[in-house]
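K.L.:
Just need the structure, nothing else, for what follows:
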Amino acid sequence: MRKLYRVAVLIGLLIGQMAIAQTAPFAGTWSFEGNDNGSSSNPLVAVSSVSYTGVNKIAVNPYTSGYVNLGVNVQNWSTSLCNQTEYVQFSVQPQGTAHVTLTSLSFAFSRSAQGPQQIYVRSSADGFASDIYTNTTSTSYQTASITLNGGNFINQSSAITFRIYACQPAAGGGTLKLDEIQINGSSLPVTLLSFTARPDGDRVQLVWATTAEYNADKFVVERSSDLGEYKRIGEVAARGTTNEQQDYRLIDSNPFPGINYYRLKQVDFDGTVHTYKLISAIIRQDEPVIAVYPNPANPDRIHLRLWNAEGTTVQLLTRTGQTVLGRLEVQAGEGDFLVDQPLAVGLYWLVVQTNSQRKVIEVLVR
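P.N.:
Now for the predicted structure:
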């Protein structure tokens, strides 16, 4: 029996500690409505503002009529060079433990009459080594729609940067016009860091931790004795959206004798349910449990958990060894030592004697 117990708990711990992932949509946009700031639809992914290297915005009226409302005008492209030293740059950055997968990049572009004749796009996914888009420009707006392929855009934990290059302007003052940059994809928070079930006499301590949450409303814990029918034993409010580790705890006060299977569900605000892998724990019926709970205790009584603790007697002593008068009232699995007079604040010794063991518990009263 003990060997089976150890194996079951070990399996439960190993299964519970497997990280589980869930995706959430992501869109980063730069609209150039009077500024270069970007916005993100997903708090687990941040976006940079647009920056300019080797080129600059027109000093007077940098934002004029664009593809949608306003767009930005970028000038001072070299008339003799077409290399990687002049570009418009923007990035996406996963937050905390989140990962990001990017699927597409789009933007609108045109030029002034004297502006660059050619544009191309590269990314940090390959160290800006190759083009992921090239096209000629015109004085009318057109749109670039780029599918982002390759493993370097999938499940990334660090920033991904994009650069738009332009060349062959008729004059350095000619402008490239950009508007409505958008990056689409999904975030992948590694949500469940651990989920464990630890037997504690006639109860089971259920503990779990998350590394990130997205729109999470609550966690629900269910129990089964046969992997068939599951019943809810409790729920805990989630933190909503966070990229920091969160720790949770729930006590199963009435587990089945023998093996218990537990599964954890995350319920989002929109009703979406994410079910995580099973863990298990075994309740042994032949081991006594003697514990004071809560500790610190109240001045009028000391509550005990007494499971498989037949023939229990209790003696309460002060730190100087004086006996405190009171009586023990016992019911199923529980007991209360009721004192004749309220206890003063301080430490006491509770001596618990059963048919099979003697235990001394330090009790703090406050």
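
K.L.:
Check the offset of stretch 63-81 from the chain's centre.
P.N.:
Between the centre of stretch 63-81 and the centre of its chain there are 40 Å (C-alpha atoms, centre = their mean, to the nearest Å).

K.L.:
mean confidence for it?
P.N.:
Averaged across stretch 63-81, the pLDDT comes to 95.

K.L.:
With stretch 133-148 instead?
P.N.:
Mean pLDDT, stretch 133-148: 98.

K.L.:
first vs last residue of it, how far apart are they?
P.N.:
Terminal residues of stretch 133-148 lie 10 Å apart, using C-alpha to C-alpha, to the nearest Å.

K.L.:
Equivalent analysis for stretch 124-140, please.
P.N.:
One end of stretch 124-140 sits 29 Å from the other (C-alpha to C-alpha).

K.L.:
And the contacts of it?
P.N.:
With contact meaning C-beta atoms under 8 Å, 6 or more residues apart in numbering, stretch 124-140 is reached by 84, 91, 105, 109-113, 115-123, 142, 144, 146, 148, 150, 152-153, 159-163, 166, 176. The way it works is simple: take the backbone N, C-alpha and C, and place the C-beta from them, glycine included.

K.L.:
Any quick PyMOL command for the buried ones out of those residues?
P.N.:
To isolate the buried subset of these in PyMOL, counting by 16 or more other C-beta atoms under 10 Å, use the following:
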select buried, resi 91+105+109+110+111+112+115+116+117+119+120+121+122+123+144+146+148+153+160+161+162+163+166+176
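
K.L.:
where are the low-confidence patches of the stretch 101-250 of the chain?
P.N.:
Where the stretch 101-250 of the chain drops to pLDDT under 70, the residues are 189-190.

K.L.:
go again using 80 as the cut-off
P.N.:
Scanning the stretch 101-250 of the chain with the threshold set as pLDDT under 80 gives 188-191, 201-202, 212, 214, 243.

K.L.:
Low-confidence stretches in the stretch 251-366 of the chain?
P.N.:
Scanning the stretch 251-366 of the chain for pLDDT under 80 picks out the ranges 257, 284-289, 306-311, 332-333, 355-357.

K.L.:
Kindly recompute the last result at 90.
P.N.:
Low-confidence segments of the stretch 251-366 of the chain, defined by pLDDT under 90: 253-258, 268-277, 283-295, 304-313, 330-335, 352-359, 366.

K.L.:
Provide a complete list of residue ranges assigned to strands in it.
P.N.:
For the stretch 251-366 of the chain, the strands defined by DSSP state E, counting those that start in this stretch cover 258-268, 273-275, 279-283, 289-292, 301-307, 313-318, 323-324, 326-331, 334-339, 346-353, 358-365.

K.L.:
Among the contacts of stretch 124-140, which ones are in strands?
P.N.:
91, 105, 109-111, 118-123, 142, 144, 146, 160-163, 166, 176 (DSSP state E).

K.L.:
ok, now which ones touch the spatially most central residue of the chain?
P.N.:
Nearest to the mean C-alpha position of the chain, counting by C-alpha atoms, centre = their mean, stands residue 212 at 0.7 Å. Shown in contact with residue 212 (C-beta under 8 Å, 6+ apart): 44, 96-98, 189-191, 242-244.

K.L.:
circling back to that earlier point, now the strands of the stretch 251-366 of the chain in JSON lines, with distance to residue 51 and mean neighbour count?
P.N.:
Formatted as JSON lines, these follow (distance: least, C-beta to C-beta, whole Å; neighbours: other C-beta atoms under 10 Å):
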{"stretch": "strand 258-268", "distance to residue 51": "35", "mean neighbour count": "20"}
{"stretch": "strand 273-275", "distance to residue 51": "37", "mean neighbour count": "13"}
{"stretch": "strand 279-283", "distance to residue 51": "48", "mean neighbour count": "23"}
{"stretch": "strand 289-292", "distance to residue 51": "61", "mean neighbour count": "18"}
{"stretch": "strand 301-307", "distance to residue 51": "62", "mean neighbour count": "21"}
{"stretch": "strand 313-318", "distance to residue 51": "71", "mean neighbour count": "16"}
{"stretch": "strand 323-324", "distance to residue 51": "73", "mean neighbour count": "14"}
{"stretch": "strand 326-331", "distance to residue 51": "70", "mean neighbour count": "13"}
{"stretch": "strand 334-339", "distance to residue 51": "66", "mean neighbour count": "18"}
{"stretch": "strand 346-353", "distance to residue 51": "63", "mean neighbour count": "16"}
{"stretch": "strand 358-365", "distance to residue 51": "59", "mean neighbour count": "14"}
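
K.L.:
want to throw those into CSV with distance to residue 39?
P.N.:
As requested, the strands of the stretch 251-366 of the chain are exported to CSV (distance: least, C-beta to C-beta, whole Å):
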stretch, distance to residue 39
strand 258-268, 22
strand 273-275, 27
strand 279-283, 40
strand 289-292, 53
strand 301-307, 53
strand 313-318, 64
strand 323-324, 66
strand 326-331, 60
strand 334-339, 56
strand 346-353, 58
strand 358-365, 53
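
K.L.:
Helices of the chain, residue ranges please.
P.N.:
Using DSSP state H, the helices of the chain run over 2-16.
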